[in-house]
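Colleague: I'll drop the sequence and a predicted model, then ask my questions.
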Amino acid sequence: MRVDVWNLKGEKVDTVELDSAVFEAPVKPDLILQALVRQQANARLGTHSTKTRSQVRGGGRKPWRQKGTGRARQGSIRAAQWVGGGKIHTPHPRSHDLRMPIKMRRAALRSALSAKAAEARIVVLDELKLEQPKTKEMAQALTRLMGGDSALILMATQDTIVEKSIRNLARAKAIRASYLNVRDLLGFDRLVLPLPALALVQKMLAPAGGQT
């Protein structure tokens, strides 16, 4: 697949061939969903907690004698049926992590990238550089390139000037190409790839043995 290469002024400067193994792979919605669910589950802290009867303070004495009062027998005011008592069948700290083989995770990324490419939602830049942090300048450049669409911008290496120029834009996000993930791919309208980041993504996701 051959796509145009643009500069920050919104001018077409060249064309580039996208690796068909990465950007024209079979789109597998079930695999993309599995990767998304895994990522969301792994982001959960799992720190929600409640106290059981043994953890609630107090209640060591029997409220009243077993027989002769006419009331139901009770062993502790910290039992679950009492106000302030312990809780049953409620959450406790645990890990929500889900496992997914790395080959499947990479295949999910190729599927998501191929879906973006098929919809012409990938913008390739010759370079992404600014002399100093300028949010306004970055916003104007993104508007020239893609109108009002939201954008996920990949960078081959860390660039604090570009990151500072983007971080206050509500409809744009910049991440390292090595941190590419399904959730961000699905969460933005377009994917912006400077040529160095494109090369890194293609190298990172190229399937072994030519399998897709």
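Modeller: Cool, the structure landed.
Colleague: out of everything not next to it in sequence, what's closest to the residue nearest the centre of the chain?
Modeller: Centroid-nearest residue in the chain, with Cα atoms, centre = their mean: Arg183, separated by 3.6 Å. Once flanking residues are discounted, Arg183 sits nearest to Gln39: 5.1 Å by Cβ to Cβ, 6 or more residues apart in numbering. Any C-beta I mention is one placed from the backbone N, CA and C, and that applies to glycine too.
Colleague: make sure I have this right: that neighbour is in a strand.
Modeller: No: read with DSSP: H, G, I helix; E, B strand; the rest coil, Gln39 is helix and lies in no strand.
Colleague: return the distance of it relative to Leu145.
Modeller: 27 Å (Cβ to Cβ, to the nearest Å).
Colleague: how close does Met204 sit to Val16?
Modeller: From Met204 to Val16 the distance is 17 Å (Cβ to Cβ).
Colleague: what comes up buried for stretch 47-57?
Modeller: If you call a residue buried by 16 or more other Cβ atoms under 10 Å, then stretch 47-57 has these buried ones: 53, 56.
Colleague: how long is that stretch end to end?
Modeller: Terminal residues of stretch 47-57 lie 21 Å apart, using Cα to Cα, to the nearest Å.
Colleague: what sits up against it?
Modeller: Residues outside stretch 47-57 that contact it (Cβ atoms under 8 Å, 6 or more residues apart in numbering) are 76, 78-80, 84-88, 90-93.
Colleague: let's verify Met100: helix, strand, or coil?
Modeller: What three-state DSSP gives for Met100 is coil.
Colleague: what's the closest non-adjacent residue to it?
Modeller: Met100 sits nearest to Arg38 (Cβ to Cβ, 6+ apart), 4.8 Å away.
Colleague: how about the helices in this protein?
Modeller: 20-23, 29-42, 102-118, 135-146, 160-166, 182-187, 195-205 (DSSP state H).
Colleague: on that earlier part again, you'd agree the residue nearest to Arg183 is up against Tyr179?
Modeller: No: between Gln39 and Tyr179 there is no contact under Cβ atoms under 8 Å: 11.6 Å.
Colleague: so between those two, which is more surrounded?
Modeller: Ranked by neighbour count (other Cβ atoms under 10 Å), Gln39 and Tyr179 place Gln39 first, with 17 against 9.
Colleague: picking that back up, of all the helices of the chain, which lies closest to Asn7?
Modeller: Evaluated over the helices of the chain, closeness to Asn7 peaks at helix 135-146, with 9.0 Å, by Cβ to Cβ.
Colleague: would you mark the buried spots in that closest one?
Modeller: Within helix 135-146, the residues that qualify as buried are 138-139, 141-142, 145-146, counting by 16+ other Cβ under 10 Å.
Colleague: thanks a lot, catch you later.
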